[in-house]
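**Student:** From the sequence below, what's the structure:
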Amino acid sequence: MKKTLIAVATASMLVGGAVAQSNVVIYGELDAGIGQRYSGEDVGMISNYAGTSRWGLRGSEDLGNGLKANFNFESGSIELGDGSVGGSGSFNRQAWVGLSGSFGSLMVGRTTTPQNRVMGTFDLNGTADGSSALKAIGLAANGNLGGSRQNAQVQYATPNFNGLQLRVAYATNDNTETDKAFAQAAVSYKTGGLTIGGVIHKKMNDAQRTGYALGAKYDFGSIVVSGFYTRDETEDTRTNLGGGDGFGLGIAAPIGAFTVGLQAAYLNHDNNAVDGATAYELFGNYSLSKRTKLYAAAGYVNDEAERRGGYKEDTTFGIGILHKF
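**Tutor:** Below you'll find the model as predicted:
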């Protein structure tokens with residue numbers, strides 16, 4: 001009997017050690033509500049207005065001496081109205097494996113760009129798909145330079161040096177199916193209530209130019225203010241609607257469980273048809289818990305922005321619920 005108890009205790013210790021060394025987490029987000037997008041559909045159920053419905057798997061294994069093996073799979077966007085999954089049901093948002101340790105972290109595969117991981121914070125409503133002012137004029141803080149994701153990246157992030165961190169990423173032109181390779185670098189610095197960031201993006205074909213973006217945010221406690229400037233990598237000419245440079249400004253105020261905010265974005269462009277494109281966003285979020293919130297948002301675009309985005313309406317609104325698991 002004593003030998004049996006010892007064997008059971010030993011097995012429990014071994015299993016407990018294995019569990020402590022490796023883990024896999026299922027996570028996701030669900031977003032649905034009522035509203036109307038700039039694209040002009042009738043008022044009705046909306047999905048993915050404030051966030052992106054999706055699910056994923058992520059995990060790590062402790063390899064010892066501070067070294068970990070990590071991975072992440074994340075599904076395409078899920079339309080809650082009919083259950084369809086973008087990307088033909090594939091893991092088209094994240095599919096990578098890598099290592100992390102005292103040297104920093106390394107990811108290999110399809111993942112978000114350095115811009116996405118560093119600059120998205122300067123949109124104070126999380127680059128809400130349906131109402132973001134910057135996104136409405138084509139200058140999304142989290143991905144206007146080459147998109148928010150890239151295939152076959154090798155992405156490295158340095159350790160955090162007292163709030164300073166650098167990210168660099170590279171993918172060959174064979175993997176990106178462009179004339180030139182994808183190369184992007186971003187830097188962020190945080191101290192107290194201040195956050196600043198910047199990104200530079202190498203042109204991916206001869207019709208492009210070097211793109212870049214700069215952002216700054218300060219949390220005063222009672223209010224948060226943010227500013228963002230970017231020059232798109234697409235050549236700004238009088239014969240196209242793409243490209244240009246522009247900026248966004250935002251302010252948000254947490255009031256207990258509520259957060260209310262206002263953001264605006266403006267575009268400079270050589271083409272008079274879209275020069276001066278302007279968008280506004282008014283939003284309010286109420287946290288029911290750390291993982292669930294109610295949201296309400298409204299947006300407006302002027303004629304130039306409506307033309308730039310190919311929109312059918314100059315206003316949008318959404319009221320809904322977003323839950324994370």
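**Student:** CA atoms for contacts and neighbours, from now on please.
**Tutor:** Noted.
**Student:** The longest strand anywhere in the chain: how far from the chain's middle?
**Tutor:** Ranked by residue count and defined by DSSP state E, the top strand of the chain is strand 22-36. Mean C-alpha position of strand 22-36 versus that of the full chain (CA atoms, centre = their mean, to the nearest Å) differs by 14 Å.
**Student:** Listing partners with orientation, what would you give for it?
**Tutor:** Sheet pairing of strand 22-36 (DSSP bridges) gives strand 44-47 (antiparallel), strand 54-64 (antiparallel), strand 315-324 (antiparallel).
**Student:** Contacts for it, please.
**Tutor:** 42-62, 80, 316-325 (CA atoms under 8 Å, 6 or more residues apart in numbering).
**Student:** what stretches of the chain score poorly on pLDDT?
**Tutor:** Along the chain, the model assigns pLDDT under 70 to residues 1-21, 176-177.
**Student:** let's see it at 90
**Tutor:** 1-22, 87-89, 173-180, 204-208, 234-240, 242 (pLDDT under 90).
**Student:** mind listing the helices in it by residue range?
**Tutor:** Assignment of helices within the chain using DSSP state H yields the ranges 2-21, 114-119, 133-136, 173-176, 303-309.
**Student:** dump the residue contacts of the residue lying closest to Ala264 once chain neighbours are set aside.
**Tutor:** Computed as CA to CA, 6 or more residues apart in numbering, the closest residue to Ala264 that is not its neighbour in sequence is Tyr280, at 4.4 Å. Going by CA under 8 Å, 6+ apart, Tyr280 touches 132-133, 262-265, 299-301.
**Student:** Could you dump those into TSV with neighbour count and distance to Lys68 added?
**Tutor:** As requested, those are exported to TSV (neighbours: other CA atoms under 10 Å; distance: CA to CA, whole Å):
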residue	neighbour count	distance to Lys68
Ser132	32	36
Ala133	32	39
Leu262	21	41
Gln263	25	40
Ala264	21	42
Ala265	29	41
Gly299	24	43
Tyr300	22	46
Val301	25	46
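**Student:** Out of those residues, which two sit at the greatest distance?
**Tutor:** The distance between the two most remote of the contacts of Tyr280 (CA to CA) is 14.0 Å, for Leu262 and Val301.
**Student:** thinking again about what came up before, go through the contacts of Tyr280 and flag which are in strands.
**Tutor:** Per DSSP E, those map to strands at 262-265, 299-301.
**Student:** Need the winner for burial among the strands paired with strand 22-36.
**Tutor:** strand 315-324 (a mean of 21; mean count of other CA atoms under 10 Å).
**Student:** My guess is Asp179 contacts Asn173. True?
**Tutor:** Yes - Asp179 sits in contact with Asn173 when judged by CA atoms under 8 Å, with a separation of 6.1 Å.
**Student:** hang on, the earlier thing: adding distance to Pro159, write the strands paired with strand 22-36 out as CSV.
**Tutor:** Output for the strands paired with strand 22-36, formatted as CSV (distance: least, CA to CA, whole Å):
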stretch, distance to Pro159
strand 44-47, 37
strand 54-64, 18
strand 315-324, 28
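**Student:** For Ala183, find the nearest of those strands.
**Tutor:** strand 54-64 (25.5 Å).
**Student:** and the closest residue to Ile255 other than its chain neighbours, how many neighbours?
**Tutor:** Closest residue in space to Ile255, ignoring its immediate chain neighbours: Ser222 at 7.9 Å, by CA to CA, 6+ apart. By the other CA atoms under 10 Å criterion, the neighbourhood of Ser222 contains 9 residues.
**Student:** quick one, what contacts Ser222?
**Tutor:** Ser222 touches 253-255, counting by CA under 8 Å, 6+ apart.
**Student:** Please apply the same query to Thr172.
**Tutor:** 152, 180-182.
**Student:** Surely Ser53 touches Glu79?
**Tutor:** Yes - at 7.1 Å, Ser53 counts as touching Glu79 under the criterion of CA under 8 Å.
**Student:** so Val24 bridges to which residues?
**Tutor:** If you apply DSSP bridges, the partners that Val24 bridges to are Gly59.
**Student:** same check, this time on Ile196
**Tutor:** Under the criterion used (DSSP bridges), Ile196 bridges to Tyr189, Ala216.
**Student:** That one and Thr121, how far apart?
**Tutor:** Plainly put, Ile196 is 10 Å away from Thr121 if you go by CA to CA, to the nearest Å.
**Student:** how about the strands in the stretch 51-200 of the chain?
**Tutor:** 54-64, 67-74, 94-101, 104-112, 149-157, 164-171, 182-191, 194-201 (DSSP state E, counting those that start in this stretch).
**Student:** could you dump those strands to JSON lines with distance to Ala213?
**Tutor:** As requested, the strands of the stretch 51-200 of the chain are arranged in JSON lines below (distance: least, CA to CA, whole Å):
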{"stretch": "strand 54-64", "distance to Ala213": "28"}
{"stretch": "strand 67-74", "distance to Ala213": "27"}
{"stretch": "strand 94-101", "distance to Ala213": "24"}
{"stretch": "strand 104-112", "distance to Ala213": "16"}
{"stretch": "strand 149-157", "distance to Ala213": "16"}
{"stretch": "strand 164-171", "distance to Ala213": "14"}
{"stretch": "strand 182-191", "distance to Ala213": "9"}
{"stretch": "strand 194-201", "distance to Ala213": "5"}
